[in-house]
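K.L.:
Sequence plus the predicted model coming up.
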Amino acid sequence: MENIVFDLGGVLFARDRSKCTQEFHDFFSFIRSERMPLFWEAYDRGSSTLDEVVGILSEINGCPREKCERYLRLSIDMQEPVVPTEQLVRDLKTAGYKLYVLSNMSREFIAFLRRFPVYGLFDGEVVSCEEGVVKPEPEIYRILLDRYGLEPSETLFIDDRPENIAAAARFGIGGKVFDHHDPAATCDELRRMLLPAK
């Protein structure tokens, strides 16, 4: 394995649940639904704006736009590196792996995440809002492989949604489903796989 590809949300970055109210969790419960709602998918695709999403969330949750916008911006500002994954990324970089991002992410979210030092360790990125395509659509995987000349058999993709791993597998890309409930355990597994003699 030469290339390690990371999803961002729920894998490398997340909100600390202990810093959020239950109401805040409930407001964003759709993020963990089996199929991402179409309005959020459009936001990740870059085909809808933050303002449009605020309007939809206001209707769905039956609350004022001002509150929805505050919660949405707070959900961005509360993103922080997942400590075990951040350390794994650093160790993989030191070991000589090529590291890449493949993520469904809106413009506001990705602009915030790029400020973190760990983001600077990646050798390349494919972000949905900048490509107009989202996982698990095949085109986003083609973009990754073609842009960086990656050999699928030498590439491992880490994502917390099994359907995204399955889509990558159709291209011959190896996959590991990340357990966002227990990041340390998944990172320990990956460490044993990728850093056995290091």
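P.N.:
Alright, I've got the coordinates.
K.L.:
Now tell me which helix or strand of this protein has the poorest mean pLDDT.
P.N.:
None of the helices or strands of the chain scores lower by mean pLDDT, DSSP states H and E than helix 22-27, at a mean of 77.
K.L.:
what's the following helix or strand after that helix?
P.N.:
Going down the chain from helix 22-27, the next helix or strand is helix 38-45, by DSSP states H and E.
K.L.:
List of residues touching that following helix?
P.N.:
With contacts defined as Cβ atoms under 8 Å, 6 or more residues apart in numbering, helix 38-45 is touched by 30-31, 36, 48-50, 52-53, 56, 104-106, 128-129, 132-134. Bear in mind the C-beta positions are built from the backbone N, C-alpha and C, glycine included.
K.L.:
mind listing the helices for this structure?
P.N.:
Using DSSP state H, the helices of the chain run over 22-27, 38-45, 50-61, 65-77, 83-95, 107-113, 128-131, 138-148, 162-169, 183-194.
K.L.:
Go ahead and confirm residue 173 touches residue 159.
P.N.:
No: the pair residue 173 / residue 159 is not scored as a contact, 10.5 Å apart, by Cβ atoms under 8 Å.
K.L.:
These two: who's more crowded?
P.N.:
Set residue 173 next to residue 159 and count neighbours by other Cβ atoms under 10 Å: residue 159 wins out with 27 against 23.
K.L.:
list the contacts for that one?
P.N.:
Counting by Cβ under 8 Å, 6+ apart, residue 159 touches 7, 11, 102, 135, 165, 168, 175, 177-178.
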